[in-house]
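Colleague: Please work out how this folds:
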Amino acid sequence: MKAITYTEFGGPEVLRLTEVDEPHAGPGQVRLKVVAAAVNPLDYKIRNGWRPQMAPPFPVIPGVEAAGVVDEVGEGVTGVAVGDEVLGWTVTGAYAEHALAVDFGPKPADLDWDLAAALPVAVETSVRVLGALGVGEGDTLLLHGAAGVAGAVGVQLAVTRGATVIGTASPGNHDYLRSLGAIPVAYGAGLADRVREAAPQGIDAVYDAAGAGNLEVSFDLRGGTDRIITIADPKAAELGVTFSGSAPFGSRLGEYTRLAADGKLTVRIAQSLPLEDAAKAQELSASGHAAGKLLLRP
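Modeller: Model (predicted):
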C-alpha cells in the first residue's frame, strides 16, 4: 500500500511517499480503508524529534486520526462489520491507504468524510476537559485558543451544557466565535482587563487550548489554580495546574458524530490535500496559519 513514512527525525523533507506492506487486523482490531486522515500539530512535533517518547520505531507512518471503511475485522471484535464506515484513532499511522484501529466509533452516512476525520481528537479532548472542570449550567468558562479546532469544539460543547463562554482569539476570528456562541476577546497585553469587562460575573473555570503563557493570567482571573486545565502548556506541572492527556473514547463518538451530521457540531476545514502533499500539510500546520483542520486523502 502507499503510505507516508520517515526513517529519521527532521523537517518536512524527511517525509516520503513509499510502498509498504499492508497491515492486517489482529485480535481486537479493525482495518480501515482510509478515506481521510487528519493532520495534527503533534504529528510534526514527533517528526521533528521533540516528542521522542511518543515516536514509534522507524519507519514511522505519521498521524492518528482517520475516517474510513472497515475492510477487515479481527478476532473478538463485535458490533462492527466489513463495509461499515467508522472514524477514530489508528495504531499504525493514519497517513496511509490502510490503517488499524482499536478505538473508533460509527460514522453516519450523511457525515462528510473530512469532518469525520477531523472530529475524534477535538471531541475527546473537549469532552474530557469540560467533564474534569465540571462545566455546567450557569458557569462562565474562559477558553484560551477558542478558534482552534479543539477550542472551537470546546466552545460548542460548553454552550450546550448551559455555560457562558469567553473565548480568546485574534480579532479576525471573533465573528467565527460569535457564530459558535462565544463572547470573543483578543489575546495579548491587557487580556485580564478585557475578560473582566466581558465577564463581570467572574470566571468559574478555565480551559487552556492555546498554551501560549495564558496560565498566569488565568490564575489572576480565578484567584488561584482551582478549575484550570491545560492541554497545551508544558509548564503546567511546575505551575501546579492539571495537564490533561487523552483517553480511550471511541465507543462514545456516536453521540457527537450524530450532532455533527445534523449540523449542530462543526469543525472548520482549512484544506483537504492528496496524501503525497503530507509535507505541505505539516508545514501549514506548523505555521499556525491554517484556519481549521488539515486533511489528507489517500
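Colleague: all contacts plus neighbour counts: C-alpha atoms, from now on.
Modeller: OK.
Colleague: did I read that right, residue 277 in a helix?
Modeller: Yes. The assignment for residue 277 is a helix, going by DSSP: H, G, I helix; E, B strand; the rest coil.
Colleague: Tell me both backbone torsions, phi and psi, for residue 34.
Modeller: The phi/psi pair for residue 34 (degrees, to the nearest 10) reads phi -70, psi 130.
Colleague: name the element the closest residue in space to it that isn't next to it in sequence belongs to?
Modeller: Counting by CA to CA, 6 or more residues apart in numbering, residue 34 lies nearest to residue 68, which is 4.3 Å off, once chain neighbours are set aside. Residue 68 belongs to strand 65-73 when assigned by DSSP states H and E.
Colleague: Which elements pack onto that strand?
Modeller: strand 30-39, strand 85-90, helix 113-133 (3 or more CA pairs under 8 Å, 6 or more residues apart in numbering; DSSP states H and E).
Colleague: who does the first one pair up with?
Modeller: Okay, so that is strand 30-39. strand 65-73 (antiparallel), strand 98-106 (antiparallel), strand 293-297 (antiparallel) (DSSP bridges).
Colleague: wait, which of the ones you listed is closest to residue 274?
Modeller: For residue 274, the closest of the strands paired with strand 30-39 is strand 293-297, at 4.8 Å, according to CA to CA.
Colleague: What are the contacting residues of that closest one?
Modeller: Here strand 293-297 makes contact (CA atoms under 8 Å, 6 or more residues apart in numbering) with 34-40, 95, 114, 117-118, 149, 267-275, 277-278, 281, 285.
Colleague: so the residue nearest to residue 34 sits right up against residue 38, yeah?
Modeller: No. With contact defined as CA atoms under 8 Å, residue 68 does not count as touching residue 38 (11.7 Å).
Colleague: Alpha carbons of the strand holding residue 68, as PDB, please.
Modeller: Taking C-alpha atoms only, strand 65-73 is exported to PDB below (Å, rounded to 0.1, in the frame of the first residue of the first chain):
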ATOM      1  CA  GLU A  65      -7.000  10.400  13.300                       C
ATOM      2  CA  ALA A  66      -8.700   8.800  10.400                       C
ATOM      3  CA  ALA A  67     -12.100   8.000   8.900                       C
ATOM      4  CA  GLY A  68     -12.600   5.100   6.500                       C
ATOM      5  CA  VAL A  69     -14.400   1.900   5.600                       C
ATOM      6  CA  VAL A  70     -13.800  -1.300   7.600                       C
ATOM      7  CA  ASP A  71     -12.400  -4.000   5.300                       C
ATOM      8  CA  GLU A  72     -11.100  -6.500   7.900                       C
ATOM      9  CA  VAL A  73     -12.400  -7.300  11.400                       C
END
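Colleague: quick one, helices of this protein?
Modeller: Assignment of helices within the chain using DSSP state H yields the ranges 41-47, 113-133, 149-160, 174-180, 191-198, 215-222, 236-239, 253-261, 278-287.
Colleague: Check the offset of the first one from the chain's centre.
Modeller: To tie it back to what came earlier, the one meant is helix 41-47. Relative to its parent chain, helix 41-47 has a centroid offset of 13 Å by CA atoms, centre = their mean, to the nearest Å.
Colleague: if you skip the residues just before and after it, what's nearest to residue 219?
Modeller: residue 225 (5.6 Å).
Colleague: same question but for residue 228, I mixed them up
Modeller: Using CA to CA, 6+ apart, the nearest residue to residue 228 is residue 206, at 4.6 Å.
Colleague: Could you report the pLDDT at the residue lying closest to residue 270 once chain neighbours are set aside?
Modeller: Spatial nearest neighbour of residue 270, chain neighbours left out: residue 292 (4.5 Å); criterion: CA to CA, 6+ apart. Residue 292 carries a pLDDT score of 94 in this model.
Colleague: Okay, residue 292 and residue 271: tell me how far apart.
Modeller: 8 Å (CA to CA, to the nearest Å).
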